[in-house]
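Chemist: pasting the structure only:
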């Protein structure tokens, strides 16, 4: 069941009125701004809505959130069309507006007003910094295979009702409205991630190629505050990537997944460039979480090939050993394990050695296949499934970003060529560029853009190594860009990600704001910092300043001046040592959701 594509929002002092821009629709969604109750009224808009109402064009209801000042309605006010998939329009959310149910907030204290503004800024941060996509008629939360092999009863359900909850980012925001009768055509599921739709032509054969990355909402967050698995087996930074090919009423789909190393581990920031991972030592809990994760993966996708790209030494080596231990300990028959030390194998720019891994997993790629539905009427569901995908590659590196994206793009490349050959678009296997002028470059650009978007959500910067994805080789500019982005990542991960994690938790409904915060309940936003938080950085800054002053002042006695400089240098070193020794006290930490110790 499609939802309303265009809506009109009418605002009065007492109510929000939402009306579909369809002359055949004789109903209104009415939300009482005082009681917060919502209901469907069977009336024509012109007769029911007061003439003095403020009118807005909107394209969907993102949901309702409750802050200290009460409820807020969030609606989509601007969108841009990405393209169409199987005749259904796909949109990117460009702008939203947030309306308070209450017209005035005089009941709040000054401290509550400040906290309410902080919560509001968290919501706006997610809405502005993350990429959200939606469709009023196409289910973006499900792959083509899941959708087309489902029952007719499932397909007749509303988009939000049947959506895969793993990928619906506004599920918490729609919680208040989803339980009401008759609102199915107003409930718009929104995904977070990346979508690109491109057109190509070979020998007069026109086709469309799309890439969809769906970020999971179940364990979403930032690079260092979300690692490994939770108690239900959900992996951090879990992303399902689907490649779709449309040609002459044929639909092809290919799925890959990525997710954090599937064991219990954490890596909280502590001022070090690469904090030491902490691994839970309870073997029974490790195997239980690992089993729950792959039980679900096997149920949803079939056979699994887990590709592990982390280093075999250093800090990553600790995780590698524990991952391999879990693989051998549990021993799933349908889970294959492929280890490839990306950095070691490709050191000194030997990127051609990636072919070793790709050839190693080629038999699995062929055996798993891809989904193919033929003779499909445009926009319809007729046609038969000619083949299905029976397994997926689950790839990970330490962040599941840079190395992971390179490998996934190479695996998907082979499948795309196979699909084009199978459909008769190209004559034989080979490099796409041999028979198409720009598809090869377009393919690389899209996968690089996908890497940048996923990386920005998780780390705050574009991905590393995308020069290889875009150009097929490493470049000097690529090395410079990687160095710059690595520095930005260090700063954001240590001094900004606490706020970012809180923003995501608030948006997803992992934290519910209590209206009594600041009155009968303490506010989690008001945390007293340790004295070290201000004293040591201030001492270090003063000491550095004194060193420069000593160097600039002409010395009366060189020995005395050298002694003074050494003294202040010693103070700098001591201050920095104490800061790094107590690094966790100096980073920006989440305040809303208190996770268990250092193992989330």
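Modeler: Great, that's in hand. Only a predicted model underlies this, so the values are computations on that prediction, with no experimental measurement involved.
Chemist: Quick one: list the elements packing against the lengthiest helix in the chain.
Modeler: When the chain is parsed with DSSP state H, its longest helix is helix 558-581. Judged by 3 or more C-beta pairs under 8 Å, 6 or more residues apart in numbering; DSSP states H and E, helix 558-581 is in contact with helix 531-552. C-beta: built from backbone N, CA, C; applies to glycine.
Chemist: Buried residues in whichever strand or helix holds residue 76, which are they?
Modeler: Assessed by DSSP states H and E, residue 76 sits inside strand 70-85. Within strand 70-85, the residues scored as buried using 16 or more other C-beta atoms under 10 Å are 70-77, 79, 82, 84-85.
Chemist: just checking, next helix/strand downstream of it?
Modeler: strand 88-100.
Chemist: what does that next one rub up against?
Modeler: 5, 11, 16, 56, 58-59, 62, 69-84, 120, 123-124, 127, 131-138, 140, 190, 195, 197, 379 (C-beta atoms under 8 Å, 6 or more residues apart in numbering).
Chemist: circling back: of the buried residues of strand 70-85, closest to residue 317?
Modeler: Top of the list for closeness to residue 317, among the buried residues of strand 70-85 and by C-beta to C-beta, is residue 82 at 41.1 Å.
Chemist: ok, now how distant is the residue nearest to that closest one when sequence neighbours are not counted from residue 406?
Modeler: Spatial nearest neighbour of residue 82, chain neighbours left out: residue 90 (4.6 Å); criterion: C-beta to C-beta, 6 or more residues apart in numbering. Counting by C-beta to C-beta, to the nearest Å, the gap from residue 90 to residue 406 is 26 Å.
Chemist: Between those two, which has more neighbouring residues?
Modeler: A side-by-side neighbour count of residue 90 and residue 406, using other C-beta atoms under 10 Å, places residue 406 first with 25 against 20.
Chemist: Could you measure from residue 153 over to residue 162?
Modeler: Taken as C-beta to C-beta, the span from residue 153 to residue 162 is 10 Å.
Chemist: between these two, who's got more neighbours?
Modeler: Neighbours per residue (other C-beta under 10 Å) separate residue 153 from residue 162, with residue 162 holding more: 18 against 8.
Chemist: so the residue lying closest to the more buried one once chain neighbours are set aside is in which element?
Modeler: Excluding its sequence neighbours, the residue lying closest to residue 162 (C-beta to C-beta, 6+ apart) is residue 154, at 5.7 Å. Per DSSP H and E: residue 154 is located in helix 152-155.
Chemist: Count the neighbours of the closest residue to residue 212 other than its chain neighbours for me.
Modeler: Distances taken as C-beta to C-beta, 6+ apart put residue 242 closest to residue 212, at 4.6 Å, once the chain neighbours are dropped. Residue 242 has 23 neighbours, counted by other C-beta under 10 Å.
Chemist: What of residue 333?
Modeler: 7.
Chemist: What of residue 538?
Modeler: Using other C-beta under 10 Å: residue 538 sits among 11 other residues.
Chemist: Buried ones in the worst-scoring helix or strand of the chain on mean pLDDT, by neighbour count?
Modeler: Here the helix or strand of the chain ranked lowest by mean pLDDT, DSSP states H and E is helix 466-471, holding a mean of 76. Buried residues in helix 466-471, counted by 16+ other C-beta under 10 Å: 466-470.
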